[in-house]
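S.K.: With the sequence up front, the predicted model follows.
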Amino acid sequence: SHTLLAGHLADAFADAHGLESSDLLARTSKEKWLKWKEEHQPTETLAPYDTGTGKLFGNHDTIGTLAIDTCGTMAGACSTSGMAWKVPGRVGDSPIIGHGLYVDPKRGAATATGHGELISGICSSFLVVELMGRGATPIEAIQEMLQRVASSYEITPEHQVACIAMTPDSQFAAGALRAGFSYVVYQDGPAKVMNPEFVLNS
């Protein structure tokens, strides 16, 4: 049996099951990287944030989705373009089960986005689902997770962690370490863009 595959043997597994290989690098991302290479010496490193403005160079997005069907079956998915200018070899939270995404049909589901190292450091998605399994509402579980992040790390102005969570009976909520995060809800009608119910550092 298998749960998580990585590296060249994961590629071989995909090939054996007829999944076509494709280049996922966006043209704009490649152009930014080539431009940076031209303007910097090989020994220079670049932080992902402009220390003068605190803004991210370029951008990155994690798409986390939680769903429940009319039969009560829960599912989740998580993908990411990764953080810009990351250290070669870095593995973020998205591919690690329980960090960027976790689904337990009896307890609930959660997915997180933001700084992967902060998310992974406390197994954020698993923590939220476990708290809901012990009786917390989605927003209570998210609040506790964010407070744990804030108490476990020296949080700087550019840090962000956000989470959406849902219970098996379709209660849901979202929260974030700071403002700037929004999420989309589709439930019996047009999709709605919503602000999180809780922001720790507003």
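M.R.: Now that the structure is in, tell me what you want to look at. Everything numeric in this text was worked out from a predicted model, so none of it was measured. Numbers count the residues shown, from 1 in each chain.
S.K.: Helices of the chain, residue ranges please.
M.R.: Using DSSP state H, the helices found in the chain span residues 8-16, 27-39, 116-121, 124-133, 138-152.
S.K.: Let me have the ones you listed in TSV, adding mean neighbour count as columns.
M.R.: Where C-beta positions appear, they are placed from N, C-alpha and C, glycine not excepted. Putting these into TSV (neighbours: other C-beta atoms under 10 Å) gives the following:
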stretch	mean neighbour count
helix 8-16	11
helix 27-39	11
helix 116-121	20
helix 124-133	24
helix 138-152	20
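S.K.: among these, which is nearest residue 78?
M.R.: Among the helices of the chain, helix 124-133 comes nearest to residue 78, with 8.5 Å by C-beta to C-beta.
S.K.: for the record, mean pLDDT for that closest one?
M.R.: Averaging pLDDT along helix 124-133 gives 98.
S.K.: Show me where this protein has its strands.
M.R.: Using DSSP state E, the strands of the chain run over 62-68, 74-80, 101-104, 108-114, 161-166, 172-178, 183-185, 192-194, 198-201.
S.K.: so where's the protein uncertain?
M.R.: Within the chain, the ranges that satisfy pLDDT under 70 run 41-61, 202.
S.K.: which residue sits closest to the residue positioned nearest the centre of it, ignoring its sequence neighbours?
M.R.: Geometric centre of the chain, nearest residue: residue 113, 2.8 Å, by C-alpha atoms, centre = their mean. Distances taken as C-beta to C-beta, 6 or more residues apart in numbering put residue 62 closest to residue 113, at 3.9 Å, once the chain neighbours are dropped.
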